[in-house]
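>>> what's the 3D shape of this:
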Amino acid sequence: MRVLIAALVVFLYAAAAQAQSCVGDCPPTNMQVSINELVLGVNIALGTGALASCPSYDDDGSHDVGVAELVTAVNDALKGCRGAPTPTPPTTGPSATATPSRTPAGPPIVFFGVTSADDSLQPVTATGPNGVPIYERPIGSGFSLVIEAVGNINLDPPPSTYEPDGTPNLQIQATRDLGDGSLAVCDAMLPNFGGVPGIDPPQLDDPNAIADALNDFGCRFVDGVGTPQGRPCSQACIRFEDGEYRCKENAVVEFCAPIPVPMEFPAGDTLLTARVRDDGGQLGPPAQAIIRITPP
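Residues are numbered from 1 along each chain as shown. As a prediction, the model looks like this:
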């Protein structure tokens, strides 16, 4: 298999065509499969990359990347996505959803997941469109959201998740109201514990226009002493079977947000979209996850 993958790498560099959203188009879709994304697929297949960085490669639901999926990605890059409509330029106005024209240079998110009340990892229940992972829960609280990123990120001080005079380094939004959907910013403590307003569709064009919502959700991501900021992997919030706490992937920073009752997720599917900003002010590519609440 390694011989075949090596041959594919040579072929990928020779084929500089782009495609519509399909296998190898990392979420959220930018209607293209780039050479970088194809090479990322090869790295995942070789075990040197994380599937969480591009879940759409898991076309058959096997939780790994095989030769057939790499070949499909190459074909989609050369010929276009099977049965997909021709992309149209993004519209303007309040209902337009941002679609970056090229892969941002900022830090990529390598893991976007959920831990249960005992801090153990919850497996992906299913995958949605473009390979977005779905985490199914019986109730909308009592778990934690975990995001890990790599790149040019300084941990002294750690990246902020709350910037009252701007936008935070972790920028996360939900398509539905969490809790009571309160518009108050960072009402994350009693006696004024409120929820987070939803933004549907996700907005990526101008973070400053939704700074309050980004700060309101972001300030729930705290370090081990409750400060709204990221944490190094030495202080990770994921507990593994050996009882040790560490990052899921080979990350630089981890962001952790316990979800209490006042900001519980509603029944059904809620799409989360997150980005991380580096020390140079560059935002990385968006990553997505779906929290599916199915009451018993």
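
>>> Can you show me the helices along the stretch 1-150 of the chain?
Secondary structure of the stretch 1-150 of the chain by DSSP state H, counting those that start in this stretch: the helices cover 2-14, 35-46, 67-79.

>>> Local confidence estimate at the residue lying closest to P55 once chain neighbours are set aside?
Computed as C-beta to C-beta, 6 or more residues apart in numbering, the closest residue to P55 that is not its neighbour in sequence is G131, at 3.5 Å. Just so you know, the C-beta spots here come from the backbone N, C-alpha and C atoms, and that holds for glycine as well. Among the per-residue scores, G131 shows a pLDDT of 92.

>>> Make sure G131 is actually in contact with S56.
Yes: between G131 and S56 there is a contact under C-beta atoms under 8 Å: 3.3 Å.

>>> burial count for the residue nearest to P55?
Number of residues near G131 (other C-beta atoms under 10 Å) recorded here: 23.

>>> Distance-wise, check it relative to D60.
11 Å (C-beta to C-beta, to the nearest Å).

>>> same question, P138
28 Å.

>>> These two - which one has more neighbours?
In terms of neighbours (other C-beta under 10 Å), D60 is the more surrounded of P138 and D60; the figures are 13 against 9.

>>> which phi and psi does the more buried one have?
When quoted as degrees, to the nearest 10, the phi and psi of D60 stand at phi -110, psi 10.

>>> Not counting sequence-adjacent ones, nearest residue to it?
The shortest distance from D60 to any residue other than its chain neighbours is 6.9 Å, reached at E69 (C-beta to C-beta, 6+ apart).

>>> can you pull the pLDDT of P94?
43.

>>> Next: V114.
98.

>>> any idea how far it is from D64?
Note on V114: its distance to D64, by C-beta to C-beta, is 21 Å.

>>> Now for the residue nearest to R277 when sequence neighbours are not counted: which residues touch it?
With sequence-adjacent residues excluded and distances taken as C-beta to C-beta, 6+ apart, R277 is closest to N169, at 4.6 Å. N169 is in contact with 153, 159-161, 163, 230, 276-277, counting by C-beta atoms under 8 Å, 6 or more residues apart in numbering.
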